[in-house]
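Participant: I would like to see how this sequence folds:
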Amino acid sequence: MKTINDGSWFINKARRKIAGVCAGFASYYDQPVWLVRALVVLLALCFPVAVLVAYVAAAVFLPARWVI
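Facilitator: Here you go, the predicted structure:
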């Protein structure tokens, strides 16, 4: 399902579990949400501090959208 995309990353408030960062990236790259979340978990096992900082920064600075 391709969503309306203006060329910028966003967080997806409609499909969020925590902040919607993974759902936003999944919508932007037209990938399944479970795949993006699994990738984030695997990266968090290897680089926990970097992933946490990047996730929080994305949750704070990216614009929010309600994309189903």
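Participant: For the residue of the chain positioned farthest from its centre, list the residues it contacts.
Facilitator: Distance from the C-alpha centroid of the chain peaks at residue 46, with 18.4 Å (CA atoms, centre = their mean). For residue 46, the contact set (CB atoms under 8 Å, 6 or more residues apart in numbering) is empty. Glycine gets a C-beta too; all of them are placed from N, C-alpha and C.
Participant: how much space is there between it and residue 30?
Facilitator: Residue 46 is 26 Å from residue 30, where distance means CB to CB, to the nearest Å.
Participant: before we move on, what about residue 40?
Facilitator: Taking CB to CB as the measure, residue 40 falls 17 Å from residue 30.
Participant: give me the number of residues near the nearest residue to residue 21 once chain neighbours are set aside?
Facilitator: Spatially, and ignoring its direct neighbours in sequence, residue 21 is nearest to residue 58 (4.6 Å; CB to CB, 6 or more residues apart in numbering). Neighbourhood size, residue 58 [other CB atoms under 10 Å]: 18.
Participant: Could I get the full set of strands for the protein?
Facilitator: Along the chain, the stretches classed as strands by DSSP state E are 11-12, 64-65.
Participant: Walk me through which strands the last one pairs with, and which way each runs.
Facilitator: If you go by DSSP bridges, strand 64-65 pairs up with strand 11-12 (parallel).
Participant: Looks like the residue nearest to residue 21 contacts residue 10 (just checking).
Facilitator: No - assessed by CB atoms under 8 Å, residue 58 is found out of contact with residue 10, at 9.6 Å.
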